[in-house]
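**Student:** Here you go, sequence then predicted model.
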Amino acid sequence: MPVQEFLLDEPSIPWMRSETESKYAKGYYWKRMSDGLEGRPYAHIMSIPQGADTSEAHFHPAAQFQIMLEGDMVFPHLSLGELELHYTDTSTAYGPFGVGTDTARSVCAVLRAKAAGITWKWEDGYRKEMNRGGRELVGRTKSVPWVEMTGEMAGVRRKVMFGEDHEDGPKAHMLECPPDLVIRRAPAPHGEYQMLVKGTARIGNRGMRPFTMRYVVGDESPEDLICGPEGATWVMLTFDETSLD
């Protein structure tokens, strides 16, 4: 499949307050970035203020990365801080979750390769449709060491939060790049989000600023990423073959 690229500029999209009266998302705010239809990726930014409802346990019929941009989020068995992330396979249940007690709000990006619905724990199909063998992975930034890269990426420091290059499965890597570095990414046949978290960058004549993302998918390498004069820090989130099931 020829490469497809989608540039998602988070700061340019206004917040919308949830109007639902259901248990889920009451008091939440959203930035809808991409709808996941007709080959487009699915992406939104979610803000949960302190005092909003806890999100009940649920799953989505698509693989999903969830990365914290601000504050922290608490699950029954773990918590996530800034730039830490959570991955679930297709139809893999997670939650409940809510805002941590020491933060005013929790802001995260919810990223999938395609649109997907939602099934709640209290719905009839929950146990029947749930993927009991699905992977749930957590990516830590503070506890993972930086490693100096070599070759074409000499001068770059990387954190492998999960998924080494030679391994099958989803991958979550952080790259800290020097000024003006040109990043040539390998093809991402199952989809990859490339989020700029610090500094500036460009793709051709298109500029990127913090929390701008590019989604790429296809059997060819995408256009190069060019780091800005102050350098750039990235989070690269790569799906495996389960993401488009």
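**Tutor:** Everything's here; your move. Numbering: from 1, shown residues only.

**Student:** Give the residue spans of this structure that score low on pLDDT.
**Tutor:** The model of the chain has pLDDT under 70 over residues 19-25, 244-245.

**Student:** what's the longest strand in it?
**Tutor:** The strand spanning the most residues in the chain, taking DSSP state E as the definition, is strand 188-203.

**Student:** Remind me what it packs against, helices and strands.
**Tutor:** Under the contact criterion of 3 or more C-beta pairs under 8 Å, 6 or more residues apart in numbering; DSSP states H and E, strand 188-203 touches strand 206-208, strand 212-218, strand 225-238. From N, CA and C alone the C-beta is placed, and that goes for glycine too.

**Student:** what's the angle between that strand and strand 225-238?
**Tutor:** Computed by axes from the mean of the first three to the mean of the last three C-alpha atoms, to 10 degrees, the angle separating strand 188-203 from strand 225-238 equals 150 degrees.

**Student:** Of the helices and strands packed on strand 188-203, flag the one that's most buried.
**Tutor:** Highest mean neighbour count among the helices and strands packed on strand 188-203 (mean count of other C-beta atoms under 10 Å): strand 212-218, with a mean of 23.

**Student:** now that strand, how far from the chain's geometric center?
**Tutor:** 11 Å (C-alpha atoms, centre = their mean, to the nearest Å).

**Student:** got it, and stretch 54-72?
**Tutor:** 9 Å.

**Student:** could you give the angle of the longest strand of the chain to strand 212-218?
**Tutor:** Strand 188-203 runs at 140 degrees relative to strand 212-218, counting by the same axes, to 10 degrees.

**Student:** what about stretch 213-231, start to end distance?
**Tutor:** Distance across stretch 213-231, first residue to last, is 16 Å (C-alpha to C-alpha, to the nearest Å).

**Student:** I meant to write stretch 97-115 there.
**Tutor:** Separation of the first and last residues of stretch 97-115 by C-alpha to C-alpha is 21 Å.

**Student:** circling back: out of the helices and strands packed on strand 188-203, which comes closest to residue 168?
**Tutor:** Set against residue 168 and scored by C-beta to C-beta, the helices and strands packed on strand 188-203 come closest in strand 225-238, at 11.1 Å.

**Student:** Strand partners (parallel or antiparallel) of that closest one?
**Tutor:** Sheet pairing here is set by DSSP bridges, and for strand 225-238 it gives strand 171-177 (antiparallel), strand 182-183 (antiparallel), strand 188-203 (antiparallel).

**Student:** Would you mind putting these into CSV with distance to residue 133 and mean neighbour count alongside?
**Tutor:** Listed next are these as CSV, based on distance: least, C-beta to C-beta, whole Å; neighbours: other C-beta atoms under 10 Å:
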stretch, distance to residue 133, mean neighbour count
strand 171-177, 20, 22
strand 182-183, 35, 14
strand 188-203, 19, 21
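
**Student:** Dump the ones you listed to CSV, plus distance to residue 85.
**Tutor:** Output for the strands paired with strand 225-238, formatted as CSV (distance: least, C-beta to C-beta, whole Å):
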stretch, distance to residue 85
strand 171-177, 6
strand 182-183, 20
strand 188-203, 10
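
**Student:** Let me see the backbone angles for the residue with the largest distance to the centre of the chain.
**Tutor:** In the chain, counting by C-alpha atoms, centre = their mean, residue 124 sits farthest out from the average C-alpha position, at 29.1 Å. According to degrees, to the nearest 10, the main-chain angles of residue 124 amount to phi -60, psi -40.

**Student:** Having no further points to raise, I will conclude here.
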